[in-house]
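S.K.: got a structure for you, letters missing:
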């Protein structure tokens with residue numbers, strides 16, 4: 001059975017491993033992102049791929065691969081922007097302009113990702129699902145009008161990083177999305193005409209997005225999206241998933257509380273409380289283990305970090321991703 005409930009609004013199908021109809025929106029985008037961990041080295045890595053089919057003559061690509069650990073300088077970081085896409089392309093088997101070879105072995109279940117940057121980053125990894133895709137509910141932040149799903153994966157394979165061979169065997173996550181996603185500096189289209197008796201448009205205050213995840217096993221995992229609005233110190237959990245004893249459900253409410261290092265602007269501690277559609281409670285505590293770059297997002301860094309999580313009797317590795325830290329309380333990390 002697919003992972004759906006009364007407010008999902010759609011079902012992920014094998015066709016969603018393909019490129020979708022790009023329509024006419026200039027900023028239509030598709031993404032394919034997978035991560036992996038090397039916990040004993042406090043290491044996290046990404047293969048990130050962003051396709052914009054309506055930019056340029058045949059579309060453009062942003063993406064590549066990177067790895068970080070508990071040092072300030074990442075051992076590998078290679079991303080390109082604005083590279084032209086081939087006119088003929090199939091997401092189920094594509095060598096991206098950024099150097100990642102993406103292959104679907106079994107739709108919605110098993111994938112191979114390879115990359116060959118001789119002497120620096122040579123990898124072949126298999127990503128095998130440990131859950132059905134989690135569809136982001138329609139009309140819910142942050143993908144109000146788009147399509148997105150997340151999926152916990154078992155990652156195995158090998159990475160030769162700067163000449164050192166590393167065996168990969170971890171539980172991580174992949175996500176997929178397809179929707180218009182204009183950059184923040186893109187010109188905004190004029191508002192559409194409205195009837196004289198239409199209610200006023202909803203004004204959304206400035207916000208930041210929170211995205212955290214942790215996976216202990218195929219039986220116990222969570223992922224949460226949260227929204228933090230200007231002038232508050234706590235995020236509102238808007239969606240995500242909880243797997244407990246192998247049973248999946250969408251998260252529907254809760255809050256995320258973060259603590260920021262005032263010296264480096266890193267979110268280094270997180271408390272997450274949430275409830276799912278089955279009425280089950282999630283109480284998670286996470287601590288940063290390593291970070292991407294020298295500083296956090298408010299100081300100009302990317303904001304991604306490897307976290308170790310404990311929740312409701314389970315524990316495992318995961319991440320905290322991005323977002324400003326302007327509004328969170330500050331306290332230096334404790335041992």
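M.R.: Noted; the coordinates are in hand. Since this is a predicted model, take the numbers as computed values, not measurements.

S.K.: So for residue 6, what's the pLDDT?
M.R.: Residue 6 carries a pLDDT score of 92 in this model.

S.K.: The one 10 residues further on now?
M.R.: pLDDT, residue 16: 98.

S.K.: count of residues packed around it?
M.R.: Residues near residue 16, counting by other Cβ atoms under 10 Å, number 19. For every residue, glycine as well, the C-beta is placed using N, CA and C.

S.K.: got the contact list for it?
M.R.: Residue 16 makes contacts with 108, 133, 147, 149, 176, 178, as judged by Cβ atoms under 8 Å, 6 or more residues apart in numbering.

S.K.: Ranking by neighbours, what's the top pick from those?
M.R.: In the contacts of residue 16, the most neighbours by other Cβ under 10 Å go to residue 133, 24 neighbours.

S.K.: which sections of the chain are below the confidence cut-off?
M.R.: Applying pLDDT under 70 to the chain flags the ranges 189, 191, 201-205.

S.K.: related to what we said a few turns ago, among the contacts of residue 16, which one lies nearest to residue 117?
M.R.: residue 176 (24.4 Å; Cβ to Cβ).

S.K.: how close does that closest one sit to residue 218?
M.R.: As judged by Cβ to Cβ, to the nearest Å, residue 176 and residue 218 stand 20 Å apart.

S.K.: swap in residue 137?
M.R.: Residue 137 is 23 Å from residue 218, by Cβ to Cβ.

S.K.: of these two, who's got more company?
M.R.: residue 137 (20 against 14).

S.K.: Can you classify the residue lying farthest from the centre of the chain by secondary structure?
M.R.: Outermost residue of the chain with respect to the C-alpha centroid, by Cα atoms, centre = their mean, is residue 196; its distance is 40.6 Å. Three-state assignment for residue 196 (DSSP: H, G, I helix; E, B strand; the rest coil): coil.

S.K.: Check whether residue 36 really touches residue 126, as I assumed.
M.R.: No. Counting by Cβ atoms under 8 Å, no contact exists between residue 36 and residue 126, whose distance comes to 10.5 Å.

S.K.: Overlap of the contact sets of the two?
M.R.: Common neighbours of residue 36 and residue 126 (Cβ under 8 Å, 6+ apart) are residue 155.

S.K.: okay, the two: which has more neighbours?
M.R.: residue 36 (26 against 16).

S.K.: mind checking how far the more buried one is from residue 112?
M.R.: Residue 36 is 13 Å from residue 112, where distance means Cβ to Cβ.

S.K.: okay, and the common contacts of these two?
M.R.: Common neighbours of residue 36 and residue 112, counting by Cβ under 8 Å, 6+ apart, are residue 125.
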